[in-house]
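Engineer: Sequence and predicted structure below; questions after.
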Protein chains: 2
Amino acid sequence: MRKLCTAEIIAIGSELLTPLRSDTNSLFLTRKLNEVGIEVRRKTVVGDDVDDLIKAIRDGMTRTDLLITMGGLGPTEDDRTREAVSCATGKRFVRDDSWIAYMTERFARAGRPLTENNLRQADLLEGAELLRNQFGTAPGQWIPGDCTILMLPGPPREVYPMFEREVMRRIAGQAGGVAMHTRILRITGLTESYTDSLVGPIYKNLQNPSVTILASPGAIELHLRAIADGRHTADELIADVEEKFRQKLGDRIYGIDDETLEMVVGRKLQVMGCTIATAESCTGGLLTARLTDVPGSSAYLLRGYVCYTNRSKIHDVGVSPELIETFGAVSAPVAEAMASGVRSRSDADLGVSITGIAGPSGGTETKPVGLVYISVATMKRVQTTENRFLGERPIVRFQATQRALDMVRMSLSEESAS
Amino acid sequence: MRKLCTAEIIAIGSELLTPLRSDTNSLFLTRKLNEVGIEVRRKTVVGDDVDDLIKAIRDGMTRTDLLITMGGLGPTEDDRTREAVSCATGKRFVRDDSWIAYMTERFARAGRPLTENNLRQADLLEGAELLRNQFGTAPGQWIPGDCTILMLPGPPREVYPMFEREVMRRIAGQAGGVAMHTRILRITGLTESYTDSLVGPIYKNLQNPSVTILASPGAIELHLRAIADGRHTADELIADVEEKFRQKLGDRIYGIDDETLEMVVGRKLQVMGCTIATAESCTGGLLTARLTDVPGSSAYLLRGYVCYTNRSKIHDVGVSPELIETFGAVSAPVAEAMASGVRSRSDADLGVSITGIAGPSGGTETKPVGLVYISVATMKRVQTTENRFLGERPIVRFQATQRALDMVRMSLSEESAS
């Protein structure tokens, strides 16, 4: 068996060739493989046609160290991966008695009889090691060889635990001996081109770590990916470049890896022992929903108002009717009054408000779709921003909550600094 | 050029082989191809390595009528699709002067010089037809042949309009001559196995339309896919089975195709001229965010309260402190009081409330994580359900909003029937 440096993934199932489903398991597999330094060189999706599958397996075997099949291990006629691997490798089947015993016991508990079809799931290829499936009747198979073949079931709830428990220890020792590590720096409040103009000179000629910018409305990610002999060296390579990025971007980097803005804001609120209350118009609860998506958010989120009508703005958070009359519901003074009002009515440390035009209708020449006022009120002051977001209704709404969370974050940083 | 019956898609780009990005364009392409009866037989993802790419193109050409490449048409050194197609087909390049003129004019407007790299984007393969790109400098290419090759750029904002404007008319006439049509029936409030026990006997031996059940927490989709000589016949095949499903499932089918529950509820509210107000505890604004995600929702959504504290439940929606004291904040009586309270305080036709334990902490033996009470109050009565949802915090929260929307939907149906 040769060192595992490269892998290919074949996802199997006709449903993956419809407009409705895409293969997402392979993202998980890629992350785990990269962790031990194995690079994914190709991903293929084929249907339930056995000839297509045999061809794909044969092709893959000529190119890669580790060939992973995913799916097609069920008990039905559609499930032909075992058969295809047998054809492609010339290996025969050996029925695994221990797995039959396991299935028999499992079916007995559920009060169902074991069918002939299920027995086929215990058919291992010659030389294969059985990978236990805690959440289904299809075991995985690990077939070491010049090209090692790894057969996994399709459902994510079966694949993920099997990979962690049965596969990682098998690949870790035999992997290429390099470590690949990725660090994501998360940024908001800058455009992609401005971010690139700041950090581009740092990374343009950099090979290791390699740097990629991914941008979406309201969020920019910088991906740093290092390859080295060991995890420690990979970490050092990344730390060095990360430090340079932080010097340029400062507090525009709000988090790393999987952190969301609401997680970062929530942690700050909790550490500082501060409470918050919200008043939303055009975002209609989305800001509060994001804040409360974080476990433990009841420690700091006191209350939220969705003020979709003038009456609600007046009655619930104390905006004066004259203010709405004079400036309109979408205006800086109304945003300020909403933030101050919800703060004082809730006895919260911070009040945050959003009022704007999410579209597609409701825009005028002076107040177009995408115009959003956001205010954050603290004991000391009220800060308000005027924003013009581009995009469809959901995009405008998301960007507004992103900006609001970022304003809360900055406001908390000022508080803790002073 | 042979009739186009089968297609393969090759997505190109090293970023698609990382744990961070997956190819989603191909879902759009598959939908459009299926519409004219072309079946996608394989999808492949390769990186920027030109040899891998040449091999993938050569292999594909032996198998399929239409080979689609996506990505790698940019101006940089990483973009090697043109070169790979040239190697795989033996076709030479012909520089397209009209596209150079177009790029020159476009760059002049942006005040930037045209670089030598950009000129390469105007290199067409011999015999290729240029596909205009309205949103970028990379034109697509259509190369008719025994295996027709279609080269598309990678970014969705460029691919989608190019496919609609330039590709559809080319494939429609030459497609296999069959039509493929898919209808999705959306269901909530039933389990997958119970749904299958109701409709399984109808579709188990059915070939055309084929039927697939896709289930996720709180939502079940039945996909009906018919293939016929023309769209009309395909529609009839589907209508026949849909009718049988509707007889079994009745009002459990809340919508079709891309409809969401909030869209369906919103439409009913608007048609009936009814208004609604919300009071949420554990879902923290998510229900209101979903309701307001629908354009025009200000016509019926009056107000939402996120009552994350007892004080807010008492003060904002008028729950009596004794009720909370006696039954606890997570209880049927408190849910009822919240729904009635928010309804009467907002002068809304309907009040809807959610109170529960989303987890991961906060559960007890008698009130475990996932226990959620939901109430809908109308002028006539208050209906309450006790639910025990399984899953992580976001899953519990989503299911609670799904159930709440469904209760509103049923309540509106009763109103309109009476």
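Structural biologist: Perfect, I can see it now. Quantities reported herein were computed from a predicted structural model and do not represent experimental measurements.
Engineer: Next, A:Thr182: secondary structure please.
Structural biologist: Under DSSP: H, G, I helix; E, B strand; the rest coil, the three-state class of A:Thr182 is strand.
Engineer: beta partners for it?
Structural biologist: Counting by DSSP bridges, A:Thr182 forms beta bridges with A:Arg225.
Engineer: Compute the number of surrounding residues for it.
Structural biologist: A:Thr182 has 20 neighbours, counted by other Cβ atoms under 10 Å in any protein chain shown. C-betas here are computed from N, CA, C, even on glycine.
Engineer: I'd guessed it sits against A:Arg225; true?
Structural biologist: Yes. Taking Cβ atoms under 8 Å as the definition, A:Thr182 is a contact partner of A:Arg225 at 4.8 Å.
Engineer: Overlap in contacts, those two.
Structural biologist: B:Thr18 (Cβ atoms under 8 Å, 6 or more residues apart in numbering or on different chains).
Engineer: you'd agree A:Thr233 is in a helix?
Structural biologist: Yes. Counting by three-state DSSP, A:Thr233 falls inside a helix.
Engineer: ok, now which ones touch it?
Structural biologist: Counting by Cβ under 8 Å, 6+ apart, A:Thr233 has contacts A:Ala179.
Engineer: Next: A:Gly296.
Structural biologist: Applying Cβ under 8 Å, 6+ apart, we find A:Gly296 in contact with A:266, A:270, B:361.
Engineer: phi, psi of it?
Structural biologist: Per-residue torsions, A:Gly296: phi 90, psi 10 (degrees, to the nearest 10).
Engineer: and it, how far is that from A:Val334?
Structural biologist: Distance from A:Gly296 to A:Val334, counting by Cβ to Cβ, to the nearest Å: 32 Å.
Engineer: For PyMOL, what selects the buried ones among the contacts of A:Gly296?
Structural biologist: In PyMOL, this line selects whichever of the contacts of A:Gly296 come out buried by 16 or more other Cβ atoms under 10 Å in any protein chain shown:
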select buried, chain A and resi 266
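Engineer: Rebuild the contacts of A:Gly296 as JSON lines, extending it with distance to A:Asp196 and pLDDT.
Structural biologist: Below are the contacts of A:Gly296 laid out as JSON lines (distance: Cβ to Cβ, whole Å; pLDDT from 0 to 100):
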{"residue": "A:Gly266", "distance to A:Asp196": "30", "pLDDT": "98"}
{"residue": "A:Gln270", "distance to A:Asp196": "34", "pLDDT": "97"}
{"residue": "B:Ser361", "distance to A:Asp196": "42", "pLDDT": "92"}
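Engineer: Mark which of the contacts of A:Gly296 are part of helices, please.
Structural biologist: Judged by DSSP state H, these include A:266, A:270 as members of helices.
Engineer: can the contacts of A:Gly296 go into CSV with extra columns for distance to A:Trp142?
Structural biologist: Formatted as CSV, the contacts of A:Gly296 follow (distance: Cβ to Cβ, whole Å):
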residue, distance to A:Trp142
A:Gly266, 42
A:Gln270, 44
B:Ser361, 38
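Engineer: give me the element the residue sitting furthest away from the middle of chain A is part of.
Structural biologist: When each C-alpha in chain A is compared with the mean C-alpha position (Cα atoms, centre = their mean), A:Glu322 comes out farthest, at 45.2 Å. Element membership for A:Glu322 (DSSP states H and E) is helix A:321-327.
Engineer: count of residues packed around A:Thr30?
Structural biologist: Neighbours of A:Thr30 using other Cβ under 10 Å come to 22.
Engineer: Check A:Tyr102 too.
Structural biologist: A:Tyr102: 17 neighbours (other Cβ under 10 Å).
Engineer: pretty sure it belongs to a strand, no?
Structural biologist: No. Note on A:Tyr102: no strand contains this position according to three-state DSSP, which reports helix.
Engineer: where are the low-confidence patches of chain A?
Structural biologist: Along chain A, segments meeting pLDDT under 70 span A:1-2, A:176-177.
Engineer: Can you spell out which helices and strands pack onto the longest helix along it?
Structural biologist: If you go by DSSP H, chain A has its longest helix at helix A:393-417. Helices and strands touching helix A:393-417, as assessed by 3 or more Cβ pairs under 8 Å, 6 or more residues apart in numbering or on different chains; DSSP states H and E, comprise helix A:261-272, helix A:286-292, strand A:350-356, strand A:371-377, strand A:382-388.
Engineer: How about the longest one and chain B, any contact?
Structural biologist: No. Figure legend: helix A:261-272 not in contact with chain B (Cβ under 8 Å from any Cβ of the partner chain); closest approach 10.8 Å.
Engineer: Perfect, that will be all.
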